[in-house]
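Trainee: Quick one, fold the following:
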Amino acid sequence: MCESKCSCTCVNETCHQVTAECLYGCIDGYDGLQCTQATKQIQQDGITTGELIGIVFGSVLIGIVIGGTLTVAFIIWKRRKRGENNQQKDVNNENNIPVTYEDLKERDERTYSEITANRQSSPPAVEYVNC
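Mentor: Prediction:
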């Protein structure tokens, strides 16, 4: 002789036969006399397709940003290191400043050898006197 069916959101699915009011209250997340008003969003099992796409897209984007940042940092580091090496070579080679006494001695001997070799291979110089 029930006039209304009990809501499945009633505790023990027990309600008044005529008014359909839940006798023992509502399950979590529902409110009202017949427990038909949702009080909070009910968590669904699993994740939706949209959430999955968002997670994958976000992960790929973060990976690209991190990879790009590391690549730029590596290139900058490599260029700076190469620049430091070139500066050291420039100081030693272009300025021809000997670093040790042995370097100075070797440079002087090499220069003397080059001068004497050039004198022997070139024809005798003719002196010109300006009057």
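Trainee: Low-confidence regions, the protein specifically.
Mentor: 1-4, 40-45, 86-99, 101, 104, 108, 110-112, 115, 118-131 (pLDDT under 70).
Trainee: Outline the domain layout of it.
Mentor: If you go by automatic domain parsing, the domain ranges for the chain are 1-38, 49-115.
Trainee: Do a quick rundown of the strands in the protein.
Mentor: Per DSSP state E, the chain carries strands over the ranges 30-31, 37-38.
Trainee: winner for burial among those strands?
Mentor: strand 30-31 (a mean of 17; mean count of other Cβ atoms under 10 Å). C-beta: built from backbone N, CA, C; applies to glycine.
Trainee: Same list, the strands of the chain, but as CSV with distance to C8 please.
Mentor: Output for the strands of the chain, formatted as CSV (distance: least, Cβ to Cβ, whole Å):
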stretch, distance to C8
strand 30-31, 10
strand 37-38, 13
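Trainee: Tell me which of those strands lies nearest to I55.
Mentor: Checking the strands of the chain against I55 by Cβ to Cβ gives strand 37-38 as the closest, at 26.3 Å.
Trainee: Which strands or helices does the closest one pack on?
Mentor: Under the contact criterion of 3 or more Cβ pairs under 8 Å, 6 or more residues apart in numbering; DSSP states H and E, strand 37-38 touches strand 30-31.
Trainee: quick revisit: would you mind finding the most buried of the domains of the chain?
Mentor: domain 1-38 (a mean of 14).
Trainee: For Y24, which of the strands of the chain is the nearest?
Mentor: Per Cβ to Cβ, nearest to Y24 of these: strand 30-31, 12.6 Å.
Trainee: who touches that closest one?
Mentor: Strand 30-31 is contacted by residues 9, 36-39 when judged by Cβ atoms under 8 Å, 6 or more residues apart in numbering.
Trainee: quick one: strands adjacent to it?
Mentor: Under the criterion DSSP bridges, strand 30-31 sits next to strand 37-38 (antiparallel) in its sheet.
Trainee: Go ahead and name everything in contact with the strand it pairs with.
Mentor: Against strand 37-38 from outside (Cβ under 8 Å, 6+ apart): 29-31.
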